[in-house]
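**Q** Only the shape, not the letters, is given here:
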Ligand SMILES: Nc1ncnc2c1ncn2[C@@H]1O[C@H](COP(=O)(O)OP(=O)(O)OP(=O)(O)O)[C@@H](O)[C@H]1O
């Protein structure tokens with residue numbers, strides 16, 4: 001394991017922001033930390049980065065206490081966005097690279113590569129303050145990993161990015177993973193987590209509701225989402241046994257089943273002389289699981 005948190009607690013006076021948190025991240029894995037506002041994600045990141053001390057518990061990197069590890073193996077995109085407004089994009093990135101001990105040739109290579117990937121070529125010589133928010137965020141992202149850290153922590157990296165830039169970021173994250181970078185990121189947007197993460201931890205008010213592989217989380221619920229497009233009526237399907245919930249979603253009827261075994265009798269009814277355009281039995285989406293786990297409080 002690269003990163004390991006064991007029984008980590010963070011208290012602010014009487015308030016417990018993180019309570020007995022345990023999870024580990026394997027080398028080269030993408031790990032998602034998800035939770036509502038105030039769940040304790042940023043606090044956890046700050047403890048991993050040794051910017052805050054845990055009240056109790058241990059955090060280790062490759063078996064050594066995280067605070068004994070060379071800072072240059074880490075990269076961090078903080079939640080607070082901010083770059084030097086008056087500095088040109090390129091100067092900015094040279095500055096952060098030099099801070100990490102890189103020479104100008106190495107930095108130039110990285111800048112050329114990432115500026116191109118993030119579609120910022122025409123902004124190179126522009127002052128940061130003249131860039132749109134999304135473009136400023138991309139510059140800050142490049143700054144966080146320009147030194148090729150072994151372990152990259154991204155706090156809400158997708159927030160504020162349009163769909164095209166979200167895809168650019170997703171591809172960048174996958175590229176970094178393929179180069180061996182271990183990546184931990186937080187997000188409120190479950191589709192990003194679902195697409196990218198191998199493993200995740202679901203936090204609610206500082207307590208972990210689940211930590212482990214995405215597939216194991218999905219298996220807890222089983223394949224209970226049945227989507228049907230047919231000429232059989234909603235009323236008839238709603239009367240079938242094992243149906244917990246039924247709703248119309250445009251042309252589809254979506255059933256939530258008590259468990260997977262109820263799908264076969266429904267198939268037998270639907271396939272009996274009817275035209276079936278769609279019959280698909282799936283795991284719940286991470287968004288649906290999240291809402292179920294955190295209850296009705298998720299807006
Ligand atoms: N310095 C502090 N003093 C007191 N309470 C704090 C402090 N920092 C954070 N908290 C509280 O700890 C809890 C967790 O905060 P944290 O910022 O880690 O949440 P988060 O999951 O990152 O939320 P968000 O998604 O809104 O960024 C919140 O209730 C917050 O008010």
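**A** Looks like it arrived, so ask away. Everything quoted here is computed from the prediction, not taken from an experiment.
**Q** Would you state the helices of the protein in chain order?
**A** According to DSSP state H, the chain carries its helices in the segments 41-48, 89-99, 104-117, 133-145, 163-178, 190-196, 214-221, 234-238, 263-270, 286-294.
**Q** buried residues in the fifth one?
**A** It refers to helix 163-178. Neighbour-count burial for helix 163-178 flags 165, 166, 168, 169, 170, 172, 173, 176, 177 (criterion: 16 or more other Cβ atoms under 10 Å). No exception for glycine: its C-beta is placed from N, CA and C like everyone else's.
**Q** hmm, back to that, out of the helices of the chain, nearest to the ligand?
**A** The closest of the helices of the chain to the ligand is helix 41-48. By Cβ to the nearest ligand atom, the value is 3.3 Å.
**Q** which other helices and strands contact that closest one?
**A** strand 3-12, strand 15-25, strand 30-35, strand 182-187 (3 or more Cβ pairs under 8 Å, 6 or more residues apart in numbering; DSSP states H and E).
**Q** Also compute the angle for it relative to strand 15-25, please.
**A** 70 degrees (axes from the mean of the first three to the mean of the last three Cα atoms, to 10 degrees).
**Q** Just the buried positions in stretch 211-218, please.
**A** So, applying 16+ other Cβ under 10 Å, buried residues of stretch 211-218: 211, 214, 217, 218.
**Q** hmm, back to that, possible to save the helices and strands packed on helix 41-48 as JSON lines with mean neighbour count?
**A** Shown next, in JSON lines, are these (neighbours: other Cβ atoms under 10 Å):
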{"stretch": "strand 3-12", "mean neighbour count": "17"}
{"stretch": "strand 15-25", "mean neighbour count": "18"}
{"stretch": "strand 30-35", "mean neighbour count": "24"}
{"stretch": "strand 182-187", "mean neighbour count": "24"}
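**Q** Residue 97 is nearest to which of those?
**A** strand 182-187 (19.6 Å; Cβ to Cβ).
**Q** What pairs with the closest one, parallel or antiparallel?
**A** Paired with strand 182-187 in the same sheet, following DSSP bridges, are strand 30-35 (parallel), strand 151-154 (parallel).
**Q** got these as TSV, with mean pLDDT columns?
**A** As requested, those are exported to TSV (pLDDT from 0 to 100):
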stretch	mean pLDDT
strand 30-35	95
strand 151-154	97
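**Q** Residue 70 is nearest to which of those?
**A** Of the strands paired with strand 182-187, nearest to residue 70 by Cβ to Cβ is strand 151-154, at 11.0 Å.
**Q** give the contact list for the closest residue in space to residue 221 that isn't next to it in sequence.
**A** Take residue 221 and drop its neighbours on the chain: the residue closest to it by Cβ to Cβ, 6 or more residues apart in numbering is residue 284, 5.0 Å away. Counting by Cβ atoms under 8 Å, 6 or more residues apart in numbering, residue 284 touches 218, 221, 224, 225, 292.
**Q** Next: residue 31.
**A** 23, 25, 182, 183, 184, 185, 197, 198, 199, 200, 201.
**Q** which one in these is the model shakiest on?
**A** By pLDDT, residue 198 ranks lowest within these, coming in at 88.
**Q** Model confidence for residue 84, exactly?
**A** Per the predicted model, pLDDT is 88 at residue 84.
**Q** just for this structure, where's the confidence low?
**A** Residues of the chain meeting the criterion pLDDT under 70: 296-299.
**Q** Going by the annotation, which residue ranges form each domain of it?
**A** For the chain, the domain assignment from automatic domain parsing gives the residue ranges 3-213, 223-282.
**Q** Out of those, which is closest to residue 288?
**A** Comparing those by Cβ to Cβ, domain 223-282 comes nearest, at 7.5 Å.
**Q** Measure how buried residue 274 is and give me the count.
**A** The number of residues packed around residue 274, counting by other Cβ atoms under 10 Å, is 11.
**Q** Actually, residue 117.
**A** For residue 117, the number of neighbouring residues by other Cβ under 10 Å comes to 15.
**Q** The ligand contacts on the stretch 101-250 of the chain?
**A** Remark: no part of the stretch 101-250 of the chain is in contact with the ligand, using Cβ under 6 Å from any ligand atom.
**Q** Many thanks, have a good one.
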